[in-house]
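A.B. asks: Sequence and predicted structure, then a few things I'm wondering about:
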Amino acid sequence: MATKVTAKADPYFIDFPTRIKAIQKEMARENVAVYLGSRLRTLSWTVDAFCPWRSYVVIPPTGLPTAITFVIDAARVADDSWLDEEHVLGYGPMGGQDQVSLLQGLIMPHLKGGKGIVGIETGMGTYLPEGHLTQYEYECLKAALPEAKLKNAHEIVDRLSLIKDQGTINRFRHASRMVDAGHRAVRAAISDDGWKGMTETEVGGLAACAMRRAGSEWEWSFTGGNEIASGYRTGLAAGACTPASRRKLRAGEPLMVDLHAMFRLCLGDHSHNYFLGKATKRQLWHAKNFVDLVKLCLKTYRPGVTPTSLADEMLTFAEERGFAEYMVPGFEHGIGMMGDEWRIGLNDGPFPYWTNPEHVYQENEMLICAMQYACPEENVGFRYENPILITANGCEALSKFPLSIDVV
Amino acid sequence: MAEKKFKYLSNEWAAECTKRFKKELTQEQMKRVTSSLLTVYNNCPDGKTRSVFYKITNGVVDQVSVVEGAPPKAEFSVTADYDLFAKISRAEVKARAALMSGKMTLKGNLVKALRLSPIMDRLNQVMSTIPTDF
């Protein structure tokens, strides 16, 4: 990122000191003396720098937090972050500079007589790089802070990060503009038989090039960057994850283009679908089903809706139109600053660390409107993903690339 | 005539260090750095703990002092046993290797410390030329 956003008038400005004070207020309410964040989402949300290596943020009861990351990346994180270099430390395999020694040194001064509650982040997730404290780290910290109580406290950050501020929303809008640039480049490249001879990986690369030209920092998804699928791979049963393969594009087959861009830790994620060269009547029937469902879904999202109520409505429509068996029965996934990708809302559902199906959407929440249509027996599938902002009366789809399934 | 030897961690040794640092290291070699370092020697031969405080201003080592009791605050502090420091002062062991072995601990910002490590190597190199009784 390199250039920090410090001017309040900048559309991408986020008031990080106020975020930290909000965390500290919640810490005081919950009697947490020090908060130790280790999840990628917490690091992004508090440090405003991408932390690809194992990192931590120590938030004292008052004053500035200190981030700790692998020493080879500490100067870069400090350069990107709103925190100064005194508050971004590097760890390494040296006496007194290993992870646990540094954490102990930062935490201990805030524990009276070594006693008090240290808020930690633990749990379970479908998202691999979640960053929960490991058992080993937990045991080491317990040994280093023998009188302290380590208590799971990630709900503090989850609660505070649920409703998005204007700077975050604007960053998301810009990331979606970058994704749209990627889609325009792909459409231009594959049109007029341009797809002939191409592979899925090549399509992913073309999109990446265009998005990087537009300023995207990386194709952020851990599902292989840009997810490109063609032919039978678009319709894998109950599937919604397709890292690009070396498969060559073929006439008469569907092509699914799911692009990911990142702008200042905020994420673009939009999928568009094509048929290559030609399409049968039956394929176009599938396509119309899907496009109509997406339109209905985007009309339905608004405050007060829940994942369950929305799924009921969409699946009823699909049943009426005779394609319910082709729908993967989920219509969303969570989204926030880098690292906050899967669960929607808080950890308050019937299955721990999964989206609560009764979560009630509120204004200024964001999510990915996500739908997957999969008909494995006909080797046809489509995906729709688009970050949406819940508005007062509906939702704003951030990617503006026109919704359609085109024959190219 | 036998060369004069300085007793390790004596005030005379500290004064000789200051003198030689100033004479043998240019401000450019010292990168015009301003910093302070405390080396804490545990298990000295008499069983005591001693510290050596180094103050560097704009690339000039303007203070090396041996401290018993409460040491002054410094940007960096390095703690190890007397024997290990003695080996470093004789240039038998590199400070970096000592840190990586875990037998020496560093307090302070590691990123900055790594930037300063060549300077510390230069100081240790000069120190190793001082005839010393360990």
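C.D. replies: Yep, that arrived.
A.B. asks: what's the burial count for the residue of the stretch 201-350 of chain A at minimum distance from chain B?
C.D. replies: Residue of the stretch 201-350 of chain A nearest chain B, by Cβ to the nearest Cβ: A:Leu265 (21.8 Å). Every residue, glycine included, has its C-beta placed from N, CA and C. Using other Cβ atoms under 10 Å in any protein chain shown, A:Leu265 has 29 neighbouring residues.
A.B. asks: same deal with A:Pro357?
C.D. replies: By the measure other Cβ under 10 Å, the count of residues near A:Pro357 is 16.
A.B. asks: dump the residue contacts of A:Ser175.
C.D. replies: In this structure residue A:175 is Ala, not Ser. Going by Cβ atoms under 8 Å, 6 or more residues apart in numbering or on different chains, A:Ala175 touches A:216, A:261-263, A:266-268, A:387, A:398.
A.B. asks: in a helix, that's where it is, yeah?
C.D. replies: Yes - secondary structure of A:Ala175 (DSSP: H, G, I helix; E, B strand; the rest coil): part of a helix.
A.B. asks: What pLDDT is listed against it?
C.D. replies: For A:Ala175, the pLDDT comes out at 98.
A.B. asks: Please identify the helix or strand for the closest residue to A:Val88 other than its chain neighbours.
C.D. replies: Spatial nearest neighbour of A:Val88, excluding adjacent residues (Cβ to Cβ, 6 or more residues apart in numbering or on different chains): A:Ala78 at 3.8 Å. In the assignment (DSSP states H and E), A:Ala78 maps to helix A:71-80.
A.B. asks: Against which helices or strands is that helix packed?
C.D. replies: strand A:88-91, helix B:110-127 (3 or more Cβ pairs under 8 Å, 6 or more residues apart in numbering or on different chains; DSSP states H and E).
A.B. asks: CA atoms only for that helix - export them in PDB, please.
C.D. replies: Output in PDB follows, covering the C-alpha atoms of helix A:71-80 (Å, rounded to 0.1, in the frame of the first residue of the first chain):
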ATOM      1  CA  VAL A  71      10.900  -9.500  11.400                       C
ATOM      2  CA  ILE A  72      11.400  -9.800   7.600                       C
ATOM      3  CA  ASP A  73       8.100  -8.000   7.100                       C
ATOM      4  CA  ALA A  74       8.000  -5.600  10.100                       C
ATOM      5  CA  ALA A  75       9.400  -2.600   8.400                       C
ATOM      6  CA  ARG A  76       6.900  -3.000   5.500                       C
ATOM      7  CA  VAL A  77       4.000  -3.400   7.800                       C
ATOM      8  CA  ALA A  78       5.000  -0.300   9.700                       C
ATOM      9  CA  ASP A  79       5.300   1.500   6.400                       C
ATOM     10  CA  ASP A  80       1.800   0.600   5.400                       C
END
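A.B. asks: Pull out the buried residues from it.
C.D. replies: Buried residues in helix A:71-80, counting neighbours by 16 or more other Cβ atoms under 10 Å in any protein chain shown, are found at A:71, A:73-78, A:80.
A.B. asks: Closest to A:Leu284 out of the residues you listed?
C.D. replies: A:Asp80 (47.1 Å; Cβ to Cβ).
A.B. asks: Looking at stretch A:248-261 now, give me its mean pLDDT.
C.D. replies: Stretch A:248-261 shows a mean pLDDT of 98 in the predicted model.
A.B. asks: ok, the residue in chain B that chain A sits nearest to - contacts?
C.D. replies: As assessed by Cβ to the nearest Cβ, chain A sits closest to B:Thr105 within chain B, at 3.3 Å. Residues near B:Thr105 by Cβ under 8 Å, 6+ apart: A:95-97, A:101, B:78-80, B:99.
A.B. asks: Kindly provide the distance from it to A:Val32.
C.D. replies: Distance, B:Thr105 to A:Val32, by Cβ to Cβ, to the nearest Å: 29 Å.
A.B. asks: just to revisit the earlier point, give me the residues contacting the helix holding A:Ala78.
C.D. replies: A:1-2, A:4, A:47-53, A:55, A:67, A:69, A:84-85, A:87-92, A:97, B:110-111, B:114.
A.B. asks: ok, back up a step: would you mind putting the buried residues of helix A:71-80 into TSV with pLDDT alongside?
C.D. replies: Listed next are the buried residues of helix A:71-80 as TSV, based on pLDDT from 0 to 100:
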residue	pLDDT
A:Val71	97
A:Asp73	98
A:Ala74	98
A:Ala75	97
A:Arg76	97
A:Val77	98
A:Ala78	97
A:Asp80	97
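A.B. asks: With distance to A:Gly224 as extra columns, can I get these in CSV?
C.D. replies: As requested, those are arranged in CSV below (distance: Cβ to Cβ, whole Å):
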residue, distance to A:Gly224
A:Val71, 29
A:Asp73, 23
A:Ala74, 28
A:Ala75, 30
A:Arg76, 24
A:Val77, 25
A:Ala78, 30
A:Asp80, 25
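A.B. asks: How about the contacts made by A:Glu378?
C.D. replies: A:Glu378 neighbours (Cβ under 8 Å, 6+ apart): A:235, A:282-283, A:286.
A.B. asks: okay, now the closest residue to A:Pro243 other than its chain neighbours: neighbour count?
C.D. replies: Leaving aside its sequence neighbours, A:Pro243 sits nearest to A:Gly224 (Cβ to Cβ, 6+ apart; 2.6 Å). A:Gly224 has 17 neighbours, counted by other Cβ under 10 Å.
A.B. asks: for B:Ile88, helix, strand, or coil?
C.D. replies: With three-state DSSP as the criterion, B:Ile88 reads helix.
A.B. asks: Would you map the helices across the chain?
C.D. replies: Using chain A. A:16-29, A:40-47, A:71-80, A:99-107, A:135-144, A:155-160, A:166-190, A:200-213, A:281-300, A:307-321 (DSSP state H).
A.B. asks: my bad, chain B
C.D. replies: Per DSSP H, chain B carries helices over the ranges B:11-24, B:82-89, B:95-101, B:110-127.
A.B. asks: Tell me the gap between the third one and the middle of its chain.
C.D. replies: Looking back up the chat, that one is helix B:95-101. Taking Cα atoms, centre = their mean, to the nearest Å, the mean C-alpha location of helix B:95-101 is offset from the chain mean by 14 Å.
A.B. asks: Show me what it is packed up against.
C.D. replies: Using 3+ Cβ pairs under 8 Å, 6+ apart, the elements in contact with helix B:95-101 are strand B:76-81, helix B:82-89, helix B:110-127.
A.B. asks: Outside of stretch A:341-354 itself, list whatever touches it.
C.D. replies: With contacts defined as Cβ under 8 Å, 6+ apart, stretch A:341-354 is touched by A:41, A:123-127, A:154-155, A:158-159, A:162, A:221, A:267, A:307, A:332-335, A:355-359, A:365, A:367.
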